[in-house]
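A.B. asks: Next comes the sequence, and after it the predicted model I'd like to discuss.
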Amino acid sequence: MTVSIDPRVAELLGHDHHLPPVDSQRFSPQALVERFLSPPAWEPDVSIERWATPSDPVHAAVLVPIVMRPEPAVLLTQRTATLRKHPGQISFPGGRCEPDDPDPVATALREAQEEVGLPPERVQVLGQMPRYTTGTGFIVTPVVGLIAPQPHETPMLALQPDPREVAEAFEVPLSFLMDPRHHQRRAFGVPALEMGRDNPRIEFFSMPWRPGAESDREYFIWGATAAMLRNLYRFLSA
């Protein structure tokens, strides 16, 4: 089942102002490595989209690339408008697992190289986050990795996105994404017959981001990408 919705017009339920942002000291390479080596007790906020009823789910993996600048950032992509699945949406580099992939890490690294031209040897893999099931039938394993930018890679990494899949690659400050004041809770309804139940209501996270205070460009991060970032927040703040 495919839900057609402009998430920007969905009802805004509120923000989680009562939750503290992640301490920036936890963003250092050493702190991130140690967090994955000795993970705390924690629970993800969401692991399955409530309207997900995949009869034949597809396993996939995404790379959550943290670029270790003086202010660390997360590398994201905007998908081209011509793709069949999730056109125009903001996502992590990634895709379905192939038979030759030995594990989700291999899938995430291969897909990142294919989509944005990121060599696998540039990624210091930290570990995996809990799997996330999308409403479109994908069971996604997020793989978190660190990238050390070269001196000339300012303000962006020197990448070569595949124009067939990626319209743009960009970076969002990790401090912004790990601050619940920027986590919007939204909801919309769809016809009951389409959902197969009465009074359906779909709730999701969104994290709209503008590159600067004067910018009129807004990157609307929502859905599975925002949910996995929310789970990363829970993991780093635990």
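C.D. replies: Everything's here; your move. Quick caveat: nothing in here was measured; it's all calculated off a predicted structure.
A.B. asks: Lowest-scoring secondary structure element of the protein by mean pLDDT?
C.D. replies: Within the chain, no helix or strand scores below helix 192-195, which has a mean of 46 by mean pLDDT, DSSP states H and E.
A.B. asks: what's the following helix or strand after that one?
C.D. replies: Counting by DSSP states H and E, the next helix or strand C-terminal to helix 192-195 is strand 202-209.
A.B. asks: Helices of this structure, residue ranges please.
C.D. replies: Along the chain, counting by DSSP state H, helices occupy 29-37, 104-116, 174-177, 192-195, 223-237.
A.B. asks: Quick check: which of those is nearest to Asp23?
C.D. replies: Closest to Asp23 of the helices of the chain is helix 223-237 (C-beta to C-beta; 8.2 Å). Heads up, the C-betas are built off the backbone N, CA and C, glycines and all.
A.B. asks: Give the rounded mean pLDDT of that closest one.
C.D. replies: Helix 223-237 carries an average pLDDT of 97.
A.B. asks: swap in stretch 100-111?
C.D. replies: Averaged over stretch 100-111, pLDDT sits at 98.
A.B. asks: what sits up against it?
C.D. replies: Contacts with stretch 100-111, where a contact means C-beta atoms under 8 Å, 6 or more residues apart in numbering, come from 59-63, 93-98, 120, 123, 125, 128, 141, 143, 145.
A.B. asks: and if we set it to 10 Å?
C.D. replies: Residues outside stretch 100-111 that contact it (C-beta atoms under 10 Å, 6 or more residues apart in numbering): 59-65, 92-98, 118-123, 125, 127-128, 131, 139-145, 165.
A.B. asks: Run the chain-centre distance for it.
C.D. replies: Distance of stretch 100-111 from the chain centroid (C-alpha atoms, centre = their mean, to the nearest Å) equals 17 Å.
A.B. asks: what does stretch 23-40 give?
C.D. replies: Distance, stretch centre to chain centre, for stretch 23-40: 19 Å (C-alpha atoms, centre = their mean).
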